[in-house]
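Visitor: generate a structure from the sequence data that follows.
(one chain, ligands or ions: 1)
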Amino acid sequence: MPEAVLRRLSEPRESSDEFLAMVSHELRTPITAILAWSEVLDRQYLNEATAAKAVEAIRQSAQLQAQLVEDLIDYSRITAHKLSLKCRTVSLQPIIKAAIDAVTPMALKKLIELEMDFVSSENEIEGDVLRLQQVFSNLLSNAIKFTPTGGKVSVKLETRDGNSIATVSDTGEGISAEFLPFIFDCYRQANLEVDRHSGLGLGLTIAHHIVELHGGTIHAYSEGKWQGSAFTIQLPQKHPGHKISWSTAKLSDLW
Ligand code: ADP
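Guide: I've put the predicted structure just below:
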């Protein structure tokens, strides 16, 4: 059992029960879809289009399940202080581009415009390519998930005072002032009772930890509900220092 689950079990009964219920629900959803679609595939008279749809649905559900398990494993590594980086000198542009490529199908499905603005080309840092890609993929997929059809998601990369600064912003549902200070806490999701989205509420906790391991900072900004959101990552361009500062502020403070 992942250590995160064990840790939660040692916490008050109510929250560990809630957590187990959430994990079971999240793990069961893709399994139910895989079982249902494999039964469809088993039918004798199946046209090509339906078969292709079934295979795609099974693939997507398996990917979702793998992502959930990866998040649980990463979180247990973090709590055991065992998450390490394989750092080398890397440029941020191709890392961000790869993350954008990975989420493009998701954006296309929702007719969301994806915009890139690489203001600076000097963005070499000491970093772990796969872990940084994981951070940007998480921010981008959240931006798409929480932005309604026809919205816009932008990524800006610039250099300031020897730091690379990447901002992922969206025109989506925004973050309430009450939730904003807790957004990087584990198992946190806004509107749990009203319209819970899929996910374990671990993605931003993991992203924060990875950025911190790189000697960087991550901040969230939003003017409030339906005002869009922005996440800014600051990474030192040369030797990472480990001074981490946390803050949340309004979008207007950022521009
Ligand atoms: P999950 O995988 O469950 O979405 P995350 O840690 O990635 O977990 O996000 C936690 C919560 O933060 C989300 O459930 C959502 O409530 C809020 N959130 C994250 N990104 C955004 C965004 N771009 N716009 C609005 N809310 C967001």
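Visitor: direction included, what does the host helix or strand of Thr159 pair against?
Guide: Assigned by DSSP states H and E, Thr159 falls within strand 152-160. Using DSSP bridges, strand 152-160 pairs in its sheet with strand 113-118 (parallel), strand 163-170 (antiparallel).
Visitor: among those strands, which is nearest the ligand?
Guide: Proximity to the ligand (C-beta to the nearest ligand atom) singles out strand 163-170 among those, at 5.2 Å. Where you see a C-beta, it was placed from the backbone N, CA and C, and this is true even at glycine.
Visitor: and this protein, which of its residues are near the ligand?
Guide: Applying C-beta under 6 Å from any ligand atom, one finds that the chain approaches the ligand through 138, 142-143, 146, 170, 172-173, 175, 183, 188-190, 197, 199-205, 229.
Visitor: just the buried ones among the residues you listed, please.
Guide: Buried members of the residues of the chain next to the ligand, counted by 16 or more other C-beta atoms under 10 Å: 138, 142-143, 146, 170, 172-173, 175, 183, 190, 199-205, 229.
Visitor: about what we covered before: now intersect the residues of the chain next to the ligand with the helices, please.
Guide: Within these, residues falling in helices by DSSP state H are 138, 142-143, 203-205.
Visitor: want to throw the residues you listed into CSV with pLDDT?
Guide: Output for those, formatted as CSV (pLDDT from 0 to 100):
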residue, pLDDT
Asn138, 96
Asn142, 95
Ala143, 97
Gly203, 92
Leu204, 95
Thr205, 93
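Visitor: need the max-distance pair from these.
Guide: Farthest-apart pair in these is Ala143 and Thr205; separation 17.2 Å (C-beta to C-beta).
Visitor: touching, Glu223 and Glu173? I think so.
Guide: No - between Glu223 and Glu173 there is no contact under C-beta atoms under 8 Å: 11.8 Å.
Visitor: how far out from the middle of the chain is stretch 151-161?
Guide: Offset of stretch 151-161 from its chain centre (C-alpha atoms, centre = their mean, to the nearest Å): 17 Å.
Visitor: buried set for it?
Guide: By 16+ other C-beta under 10 Å, the buried positions in stretch 151-161 come out as 151-157.
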